[in-house]
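Chemist: coordinates for the following, if possible.
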Amino acid sequence: MVDAVVSYAVKKLGDFLIEEVSLRQSLKENVLWLRNELSFMHAFLKDAEKQQAENHLVQQWVFEITSVANEAVAILEAYSLDAAKDGDHASRFVYRLKACACICYMEAKFHNIGKNIQSLKERVMDISRKQDTYDITQINNNAGEGSSNRQNDSSFTLVRTLRRAVSYADEDQLFVGFQEVFQRLLDELLKKESRRKVLSIYGMGGLGKTTLARNLYNSPSLITTFQTRAWICISQQYSTQDLLRSIIKSIEGCSQEMLKMLKEMTERDLETHLRNLLKERKYLVVADDVWHREAWESLKRALPDNNNGSRVILTTRKEDVAERVDDKGFSHKLRYLNNEESWDLLCKKLHLENKMVGASLVSPSMERLAMEMVDKCRGLPLSIVVLGGLLSYRKGVDEWQKVKTHFWQHMKNDSVEITHILSLSYNDLSFELMQCSLYIGIFQEDVEIDVEKLMHLWLAEGFIPRIREEHMEDIAENFLYELISQSLIQVAETFFDKILTCRIHDLLRDLAVQKAMEVNLFDIYDPRVNLVTPFRHRHAIHTQTQRYLSLDFSELKVRSILLLDKEFKQLDDKMSIKLCTTFLHVYVLDLENIDFVGNKLPDAIGKLVHLKFLGLSNTNLFKLPPSIGELKNLQTLEALLGDHCSCQLPPQIANLTNLRHLITRYKVSVQVDRLKNLRTLKFIRCDQWKHTDASGLVNLQELGMEKIEKSYSLESIGSLKSLTTSFLFCSRGGTFPPLEPLSSCENLHRLWLSGRIEELANLNNLPKSITVLVLQSTLFTGLEEDPMPILGKFPNLKHLELSRAYKGKKITCNGNNFGQLETLRLVILGNLESRHLHPTAMSVLKSLTIFRCLELKKIPKRLEHIAVVDGNQSQREYYYRFPN
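Modeler: Predicted coordinates for the structure are as follows:
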């Protein structure tokens, strides 16, 4: 990783010299000198990194080089942002009249960057002296294999179309060796035993405890048996109040009123509320990753035993926790996979991750190498899956031999340490992809991460490269799918073909945090030390926010601040102003879930001119100040306050010409048509949109619109030629205007319509490019006529949901209709009694979910094996957060 950091800095310094032709000669010489010195040191870094664990002098030398490299990149990027801002100023007439002042200003800028570069030069000279003094250059320089040569291939990320190849049901398809265990545990959970029973699954990290528990939790038998279900993750540093809140939110939802009520409750209040909520219910709760018995003891008081057959599944690494949580419970220790299962798992992983790798394309020599490596994984599923991801993109016997050589270099007790396998996977990534992967460690343990937000953060942090004509969001999405394919992150929740949330295995997170600290990628504030490392410019605060904000930051150029402290209550005026006046170099400011005293963001927010990401969702900010219009570099503004709450945006929002993602419900019309770079616009009201000249929004790909009335026209939507995803929601009980304008959206793939469609023929106006379609209505405003004959002719439709959208008794699927349909969900169709399915219709259907269709007594025989009755709807409700 370290050599990649330095390599990246060398490249940045070279680019800077090319782009900034007007630099003073002395400054140019210093930048060139710095670039050359780092290039020289880079040659020694691969071996130095291997030896730093045993040699503290080498460790310190590597740390200092990394710090200089990171500092150089930060200086150049800050200068480039300032230069771009000055360019805007210079084009204005008033600045032309003040040419002398501008020249003086630029001279000051050159002087400042010159001082910074000179300071780095002195540090490098000091590093060089230490190199000679302590003979550090005499590292054994038989370079071996470091990062894959894919690091230097700028096109590899774009050539892959991983989102077409990767299965999101990764855990289900790699569920090897657990089938018998799964059935045994399922039988235990379904036993006719009235008392509340705890089933414990234990074993070391990486054996698949969470995978097994998740498959049980999502099994159709348990979905239909337990109408109330909840899943919570319990990290080593847990909060009982957070755990109780999580269970309550799983059961009652996440409305603004509910969140506010839960935030104000004490632990005893939460415990009482949950007991009352569950006392008449048959429930299933999964407590994942329990480290201490005390965590279970603090929970079980709130989980009543009312002799109705309720169940708890608990996963833990510790046998004593598993054996003692319930004297009459059932515990199961997970075993390692045997040789046959291990090989089966690797083969499935290779097949899933690269459709081009089949048995015929793997030579006998490659198969032999793979078998030897799998054998050294000693049956640990996580090791095998990560190894599969590592081999998937290595071509030929020579590349696989290199991986094996690394394995044999790190043998311990005739097996390979899992941390080394994970390290190999990190080292195999390109530098930008490595940054994205390690960055996930900045979030707390065991949380599910919103992938849309994650990709916006990657963009703001500068991790996503500009390559040819590709949009950076598309590159970020490719990065996401590559990390999934390498099993470095896991898919947590999906909605049809869209990934909503992801998570990271705690062993991977531990390693990501360790490596990120080594290269100064970020710092997680530790209140026990009560200081921050000078060379780490990205800060995550998981606890003790108030103490963090009391520190002295005068000498630091903090680049990112993520306030992720769940226990922090309110940001007072003094702390708010400090955030906006102290951290003037910040690119990322995430204040999600923070309450502000006085419901006000200070005007000083306008001083953060470098800001690219501003996260204000689930706050109490109902009005943003006009000064927000000064944030000319802002790319993402997230200010989604709640299901029914709006934020008042100032007209100056229209000045944010670099804004790419605007995610908020807002009052007062804003001239969004001036935001030419906008790609995401969600939760806009129809009456705010109706005067918009959409023809200028040439980059808009995702549009979410609410409060649509029959009297409005959707005409302007038809001019959005880049639109791929749209959610259109009528006012409650409302009717759609004609949908004909949508037919012009030739790239529209995902469409959600919530409201009454007056004429069945209106569906004919939808573009035939649609692959995902949701039709939703209220109980009494669904279609009178069967929509299936029309929808069945959509040539690209893969996923369809009808939710309260049809009032009839019968649906008919004619011959050869729905030729591409893979998923069908029928939700709350209260009158539906039968469905006629032609033998050639829905020929590739893989999933059928039927939820609260109480009159539907019979399912076509050929679909019985894929049908889930009364399936869970939580994914849909979680993702959209639109009002019903």
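Chemist: how about stretch 780-794: buried residues?
Modeler: 781, 782, 783, 786, 787, 788, 790, 791, 792, 794 (16 or more other C-beta atoms under 10 Å). Every C-beta, even on glycine, is put in place using the N, C-alpha and C of the backbone.
Chemist: and what of stretch 704-713?
Modeler: Within stretch 704-713, the residues scored as buried using 16+ other C-beta under 10 Å are 704, 705, 706, 707, 708, 712.
Chemist: who does the third one bridge with?
Modeler: The bridge-partner assignment for residue 706, based on DSSP bridges, gives residue 685.
Chemist: how about the helices of the stretch 251-400 of the chain, start to end?
Modeler: Assigned by DSSP state H, counting those that start in this stretch, the stretch 251-400 of the chain shows helices spanning 256-264, 267-278, 293-300, 319-324, 339-353, 364-376, 381-392, 396-409.
Chemist: okay, those helices in a markdown table with mean neighbour count next?
Modeler: Formatted as a markdown table, those follow (neighbours: other C-beta atoms under 10 Å):
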| stretch | mean neighbour count |
| --- | --- |
| helix 256-264 | 14 |
| helix 267-278 | 17 |
| helix 293-300 | 18 |
| helix 319-324 | 16 |
| helix 339-353 | 19 |
| helix 364-376 | 16 |
| helix 381-392 | 25 |
| helix 396-409 | 15 |
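Chemist: I'd like to know which of those helices is closest to residue 549.
Modeler: Residue 549 lies closest, by C-beta to C-beta, to one member of these: helix 256-264, at 20.2 Å.
Chemist: would you mind putting the CA coordinates of that closest one into CSV?
Modeler: Presented in CSV, the C-alpha positions along helix 256-264 are these (Å, rounded to 0.1, in the frame of the first residue of the first chain):
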residue,chain,number,x,y,z
GLN,A,256,-39.6,11.6,11.9
GLU,A,257,-41.9,11.5,14.9
MET,A,258,-40.7,8.0,15.9
LEU,A,259,-37.0,9.0,15.6
LYS,A,260,-37.6,12.1,17.7
MET,A,261,-39.4,10.1,20.4
LEU,A,262,-36.8,7.4,20.6
LYS,A,263,-33.9,9.9,20.8
GLU,A,264,-35.5,11.4,23.9
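Chemist: next, the angle helix 267-278 makes with that helix.
Modeler: Orientation of helix 256-264 against helix 267-278 (axes from the mean of the first three to the mean of the last three C-alpha atoms, to 10 degrees) gives an angle of 140 degrees.
Chemist: so how far is residue 726 from the residue nearest to residue 743 when sequence neighbours are not counted?
Modeler: Closest residue in space to residue 743, ignoring its immediate chain neighbours: residue 765 at 5.0 Å, by C-beta to C-beta, 6 or more residues apart in numbering. Residue 765 is 14 Å from residue 726, where distance means C-beta to C-beta, to the nearest Å.
Chemist: could you do residue 232 as well?
Modeler: 34 Å.
Chemist: helix, strand, or coil at the residue lying closest to residue 717 once chain neighbours are set aside?
Modeler: Sequence neighbours aside, residue 741 is the residue nearest to residue 717 in space, at 5.3 Å (criterion: C-beta to C-beta, 6+ apart). Here residue 741 is helix, with the state taken from DSSP: H, G, I helix; E, B strand; the rest coil.
Chemist: what's the pLDDT at residue 522?
Modeler: We have a pLDDT of 92 for residue 522.
Chemist: what's the local residue count around residue 471?
Modeler: Residues near residue 471, counting by other C-beta atoms under 10 Å, number 15.
Chemist: how close does residue 507 sit to residue 124?
Modeler: 36 Å.
Chemist: more neighbours: these two, which one.
Modeler: Shown here are residue 507 and residue 124; by other C-beta under 10 Å, residue 124 has more neighbours (21 against 17).
Chemist: helix or strand: which one has that one?
Modeler: Using DSSP states H and E, the element containing residue 124 is helix 99-133.
Chemist: average pLDDT for that helix, rounded please.
Modeler: 63.
Chemist: ok, so of the buried residues of stretch 704-713, who is nearest residue 777?
Modeler: Using C-beta to C-beta, these come closest to residue 777 at residue 708, 13.1 Å.
Chemist: hmm, that closest one is touching residue 755, no?
Modeler: Yes. Residue 708 is within contact range of residue 755, at 6.5 Å (criterion: C-beta atoms under 8 Å).
Chemist: overlap of the contact sets of those two?
Modeler: Residues touching both residue 708 and residue 755 by C-beta atoms under 8 Å, 6 or more residues apart in numbering: 728, 729, 730, 731, 734, 736.
Chemist: what's the closest of the residues you listed to residue 817?
Modeler: Taking C-beta to C-beta as the measure, residue 817 lies nearest residue 736 of the shared contacts of residue 708 and residue 755, at 23.9 Å.
Chemist: what pLDDT does the model give the residue nearest to the closest one when sequence neighbours are not counted?
Modeler: The shortest distance from residue 736 to any non-neighbouring residue, by C-beta to C-beta, 6+ apart, is to residue 755 (5.1 Å). Looking at residue 755, its pLDDT stands at 92.
Chemist: quick revisit: so what's the residue nearest to residue 743 up against?
Modeler: For residue 765, the contact set (C-beta under 8 Å, 6+ apart) comprises 738, 739, 740, 742, 743.
Chemist: and for residue 765 and residue 726, which residues touch both?
Modeler: residue 742.
Chemist: before we move on, the earlier item: got CSV for the helices of the stretch 251-400 of the chain, with mean pLDDT and distance to residue 30 too?
Modeler: What follows is the helices of the stretch 251-400 of the chain, written out as CSV (pLDDT from 0 to 100; distance: least, C-beta to C-beta, whole Å):
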stretch, mean pLDDT, distance to residue 30
helix 256-264, 77, 52
helix 267-278, 89, 58
helix 293-300, 84, 55
helix 319-324, 85, 58
helix 339-353, 79, 46
helix 364-376, 86, 48
helix 381-392, 84, 41
helix 396-409, 79, 39
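Chemist: quick one: low-confidence residue ranges for the stretch 101-250 of the chain.
Modeler: Counting by pLDDT under 70, the stretch 101-250 of the chain contains low-confidence residues at 101-113, 130-175.
Chemist: in it, which spans are strands?
Modeler: With DSSP state E, counting those that start in this stretch as the criterion, the stretch 101-250 of the chain has strands at 197-202, 228-233.
Chemist: check these for me and report the most buried one.
Modeler: Highest mean neighbour count among these (mean count of other C-beta atoms under 10 Å): strand 197-202, with a mean of 22.
Chemist: next, the angle helix 293-300 makes with that strand.
Modeler: 150 degrees.
Chemist: strand 197-202 pairs with which strands?
Modeler: According to DSSP bridges, strand 197-202 has these partners: strand 311-316 (parallel), strand 330-333 (parallel).
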